[in-house]
Each structure stands twice: as structure tokens, then as C-alpha cells.
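Trainee: I'd like to go over a predicted model; first the sequence, then the structure.
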Amino acid sequence: MTTPIRSEALYRAADLRRIEAAAAAQPLMERAGEAAADLAISLSRLEGGAVLVLAGPGNNGGDAFVAARHLRLRGFAVSVVFVGEISRLPKDAAAAYRHFDADGGTTLQAIPSGSRWSLIIDGLFGIGLQRAIAGRYAELVQAANTLALHHHCPLLALDCPSGLDADTGQRCGETIRASHTITFIAGKPGLLTGDGPEYCGSITHAALDLHAERLAPPSARTIGSDLFAAWLRPRAKNTHKGSFGSAGVLGGASSMVGAVFLAGRAALKLGSGRVYLGLLDAQAPTFDPLQPELMLRRPEALLGTALSALACGPGMGGSEEARALLLRACALELPLLLDADALNLLASDERLQEALSERAQRGVATLLTPHPTEAARLLARDTAEVQADRAGAALELASRYHAVLVLKGCGTIVAAPDGRWFVNTTGHPALASAGTGDVLSGMIVALLAQGWPALEASLAGVHLHGAAAEERVASGCGPVGLTASEIITSARLCLNHWIAHGR
């Protein structure tokens with residue numbers, strides 16, 4: 001069973017520069033290079049084997065020179081490729097090169113042919129990259145990726161794979177595809193979202209004897225159970241179904257009723273005392289034979305029900321009826337989650353946008369759970385622009401719509417209207433399947449119905465959704481062919497485990 005994990009601080013590059021400046025008197029580069037060498041030795045399959053080190057023109061290159069020196073001292077045959085100018089190295093990196101040179105190290109202009117590498121180290125650019133990698137450096141990145149693949153050897157990136165934006169997770173031209181990344185001082189959001197997880201491989205943190213949060217507040221945090229532990233409460237003995245709220249799900253136009261059933265089943269199994277479904281399809285069934293505990297109603301009847309929280313959008317469609325129902329839902333004095341078609345309607349209707357603004361003025365919680373294309377519609381941009389800065393897009397949407405914003409995808413971002421944001425580290429590519437977003441909506445609305453605050457419900461729902469997928473894959477169910485409905489039971493097991501053992 002998945003063990004609850006704690007949140008960790010994340011820092012953008014500009015904030016890390018301030019930490020480095022505050023700790024300028026400490027030998028950070030020496031510590032970083034030695035930590036990298038220690039990890040490199042544990043990864044290398046051959047004691048004293050051949051190691052290829054790519055050193056860049058900045059401080060990341062300085063880290064690489066320190067690592068190379070320590071590896072040579074420990075008996076490894078190290079080839080360092082450096083195509084920059086020694087005279088233009090930053091002060092600390094130049095000192096690292098001189099120490100490497102004084103200990104008998106030499107640099108090469110190109111990767112030597114004919115060697116069989118046991119390990120490759122990427123110390124080209126790290127978090128200092130300001131533009132797309134091109135020219136000789138692009139050739140080195142391509143060669144490193146190819147050699148690691150052909151030689152079946154680890155490719156270790158220092159701080160951040162070269163070519164990856166450590167703030168956003170966007171690739172900047174040719175990018176190192178690392179099997180392992182050792183990141184220094186603290187975590188970086190770009191390693192965990194967008195393209196980051198694909199290119200970073202296994203991530204190791206080296207704090208370099210610093211406590212980052214004592215030196216600067218974090219830019220963001222990863223999602224961990226400590227962020228919502230106060231709400232992981234065992235149920236009191238003297239309770240009844242009314243103690244755990246009534247969740248509603250509105251949607252299910254013709255041919256899309258299944259989306260509401262998925263959300264409703266998730267809400268029921270995540271603990272909502274009652275779950276009501278409002279189905280737009282006039283020919284919809286009157287009960288769910290697989291989950292008869294669900295109460296199915298016409299949409300008008302659902303909106304007149306005493307609900308604790310409401311999710312709108314799964315399978316809702318874009319009809320005028322759907323638009324009118326959504327406008328009525330926005331007027332309700334209860335936590336409201338908008339997903340899927342509800343988000344597309346919101347993007348195109350000023351009346352709905354005004355209704356969300358009025359909800360914020362009344363202090364009523366709203367949650368939006370878009371995938372990148374839906375987020376792009378809400379921002380009137382292209383999907384590629386959203387993916388280029390996922391955190392930036394999520395924060396802008398949270399502010400614009402006065403809502404807790406869940407931007408789904410690899411490294412889901414949760415953003416609050418007050419500017420706080422979080423990156424989720426659970427999940428699996430198996431979630432790329434129809435209906436998993438509907439299940440997430442049902443999970444979050446279940447927590448809202450039980451009285452969880454909007455931010456904590458979003459953090460827990462997202463984290464639990466990803467953990468449930470991991471649990472299913474670990475048990476042999478998937479990744480190929482894992483269905484949305486299979487996530488629900490696993491999520492229930494994980495939540496109960498967290499409540500029992502993870503507080």
C-alpha cells in the first residue's frame with residue numbers, strides 16, 4: 001500500500017540565486033561536485049570504469065570539474081569534454097577547473113571514439129540555461145543521449161538535465177535524457193512537471209548542508225499528506241450518513257452518461273454520505289445497476305436538492321440547456337467544482353464568468369479542474385503556451401476566476417487564488433485513459449461534501465488519484481489498458497490506509 005509522503009519545498013532559479021548569494025561564503029560547488037561523485041560511483045557498474053564528463057561554460061561546468069576530480073582520485077578513468085573558454089568561466093567554476101588541472105586532470109575538445117562508458121555525467125548547463133541549446137553543445141547532448149542508449153549506461157545530470165527549463169519543465173531545444181538527476185540545495189518545479197519527469201529520470205536531492213527554507217521562502221511545494229493531514233480523521237462511532245454530506249454531479253448529456261456515473265461512483269466510494277446525479281439525457285436510466293446506492297434525478301431536481309457540494313461538467317455537453325443549468329449552479333451557496341464541458345462553457349460565456357466573480361465576492365468556494373487544452377480555452381491561448389509554463393497558467397487562471405485551480409497533466413499543478421501553488425508527484429502514464437478526469441472530479445467533490453476546504457480537497461484528491469493509479473499498476477493492473485473505473489476502489493483503499501496509518 002502507498003505510504004503517505006511529506007511535501008517538499010521547490011524553488012525557481014531566481015530564488016535559488018538568492019539562497020546561493022546568502023551562502024556565498026560556503027564551499028557549495030565543492031559540496032555539489034563531491035555529492036555528484038558519490039552518486040556517480042553508486043551508479044557506475046564498473047569499479048574504476050570509464051566515465052565521460054561533459055562540462056559547460058558556467059557554474060554547472062564547475063560542478064562537473066569537481067565531480068571529475070573526485071572520481072579520478074577514486075580510481076576512475078575520467079574523460080572531461082569542455083568546449084568553452086577557460087578564461088570566461090565564472091569565478092567559482094574557474095577555481096574548480098584550476099584544482100582539477102592541478103591534480104593532473106585534462107580536458108578534451110570532443111568525445112573520444114572507441115571508449116566503452118560505464119557512466120556519463122551531464123554538467124553542461126543545469127538551471128542556468130537562458131536559450132535553446134545549439135551548435136557544438138547540441139551535438140554533445142545528442143551524442144550523450146545516443147552513447148547512454150547504446151552503452152546501456154547511466155546518464156547523470158547535475159542539478160537539472162541540460163536543455164530543460166528548471167522553472168517550467170519545458171524543453172529548450174536538444175535536451176539531455178537523464179536516467180538520474182542529482183539536484184542541489186532544493187527541488188525545482190520544472191523537474192516534476194511538463195517534460196521534467198520524462199527527462200530527469202530518478203531524482204536525488206543534495207542539500208549541500210543548507211536548510212533552504214531558513215534562507216528564503218519556497219516558490220512552491222510538492223503535494224504531501226502533511227498538507228491535508230488535519231482532515232485525515234477516523235470516523236467517530238456516533239455518526240450517520242448525514243454526517244458525511246451530500247455530493248451532487250451534474251452532466252450526462254446524450255451518449256455521455258457514463259462520465260457522470262464514474263464521477264458519482266468515485267464520490268460514493270470516497271466517503272460522501274449521499275450522492276445524487278443530475279442527468280441531462282432525457283433517455284438516461286433511472287438507476288445505476290452497478291452502483292444502486294446512487295440517486296439519479298433530472299437536473300432541475302438535483303439543483304433543488306440540499307447538497308453539500310456540487311460538481312458540474314462530466315459529459316455535460318455544450319447545449320443551451322447545459323449553459324442555463326450551469327448558470328443556476330453558480331448561484332448556489334455551496335462549494336462548486338467545474339470540469340470538462342462546464343469549463344468550455346465558462347470560457348465562452350461572460351455571464352458565467354461574472355457569476356464566478358460574484359461567488360468569490362460572497363466567499364463561496366469554486367474549483368476548476370482543466371486539462372491543458374481546456375486551460376488554453378479559458379485563457380484564450382494555445383495549448384502549447386499553457387504547457388510552456390504550466391505553473392504560470394495555473395496561477396493566472398486561479399487569479400482570474402477566483403478559484404482553486406487544478407491543471408491536470410504530467411506533474412499536476414494546484415494553484416490557489418492567493419498565489420500559493422503546488423506540484424503533484426504521484427501518478428502514472430496509465431492515467432491517460434478516458435474517464436480518469438471524471439473520477440478525479442468525483443473524488444474531490446466527495447471530500448468537499450465531507451467538509452474539507454477547497455484547497456485541501458484539491459490537494460488530497462489529486463495526490464490520491466495519482467497514488468491510486470500507481471497502486472493499480474504495481475499490482476499488475478496496467479499500465480496499458482487501465483480503466484478509469486479501476487482507479488476508484490484503489491483510491492478508497494489508499495485513503496483508508498492514510499487515515500489509519502499516515503497521520
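Mentor: Arrived safely. Numbering: from 1, shown residues only.
Trainee: on the three-state scheme, the residue nearest the centre of the chain is what?
Mentor: With distances taken as C-alpha atoms, centre = their mean, Gly411 lies nearest the centre of the chain, 1.8 Å away. Taken by DSSP: H, G, I helix; E, B strand; the rest coil, the conformation at Gly411 corresponds to coil.
Trainee: residue contacts, the spatially closest residue to it that is not a sequence neighbour?
Mentor: Nearest non-adjacent residue to Gly411, counting by C-beta to C-beta, 6 or more residues apart in numbering: Thr193, 2.8 Å away. Placement of C-beta: from N, CA and C, glycine included. For Thr193, the contacting residues are 168-169, 390-391, 409-413, 423, by C-beta atoms under 8 Å, 6 or more residues apart in numbering.
Trainee: so where is the stretch 151-300 of the chain shaky, pLDDT-wise?
Mentor: Under the criterion pLDDT under 70, no range of the stretch 151-300 of the chain is flagged.
Trainee: would you map the helices across it?
Mentor: With helices called from DSSP state H, counting those that start in this stretch, the stretch 151-300 of the chain shows them at 196-200, 212-215, 257-269, 299-303.
Trainee: in terms of secondary structure, what does the last one contact?
Mentor: Using 3 or more C-beta pairs under 8 Å, 6 or more residues apart in numbering; DSSP states H and E as the contact test, the elements touching helix 299-303 are strand 246-251, strand 274-279, helix 320-330.
Trainee: moving C-terminal of it, what's the next helix or strand?
Mentor: Using DSSP states H and E, the helix or strand that follows helix 299-303 in sequence is strand 309-312.
Trainee: so what's the gap between that following strand and the chain middle?
Mentor: Offset of strand 309-312 from its chain centre (C-alpha atoms, centre = their mean, to the nearest Å): 24 Å.
Trainee: can you name every helix or strand that that strand contacts?
Mentor: Where contact means 3+ C-beta pairs under 8 Å, 6+ apart, strand 309-312 is packed against strand 246-251, helix 320-330, strand 336-338, helix 436-449.
Trainee: what residues sit buried inside that strand?
Mentor: 309-312 (16 or more other C-beta atoms under 10 Å).
Trainee: for the helices of the stretch 151-300 of the chain, which one sits closest to Glu8?
Mentor: Nearest to Glu8 among those is helix 212-215 (9.9 Å), distances taken as C-beta to C-beta.
Trainee: got the CA coordinates for that closest one in PDB?
Mentor: The C-alpha trace of helix 212-215 is given here as PDB (Å, rounded to 0.1, in the frame of the first residue of the first chain):
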ATOM      1  CA  ALA A 212      16.900  26.300   2.100                       C
ATOM      2  CA  GLU A 213      13.700  27.300   3.900                       C
ATOM      3  CA  ARG A 214      15.700  29.200   6.600                       C
ATOM      4  CA  LEU A 215      17.300  31.300   3.900                       C
END
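Trainee: so what touches it?
Mentor: 9, 11, 18-19, 22-23, 185-186, 218.
Trainee: do the same with stretch 137-153
Mentor: Stretch 137-153 is contacted by residues 45, 52, 54, 56, 81, 83, 111, 116-120, 122, 124-125, 133, 154-155, 162-163, 173-177, 179 when judged by C-beta under 8 Å, 6+ apart.
Trainee: pull the longest helix from this structure.
Mentor: The longest helix of the chain (DSSP state H) is helix 454-474.
Trainee: name the helices or strands packed onto the next helix or strand after it?
Mentor: Downstream of helix 454-474, the next assigned helix or strand under DSSP H and E is helix 484-501. The contact analysis (3+ C-beta pairs under 8 Å, 6+ apart) places helix 484-501 against helix 257-269, helix 436-449, helix 454-474.
Trainee: what mean pLDDT does the last one have?
Mentor: Here the mean pLDDT over helix 454-474 is 98, rounded to a whole number.
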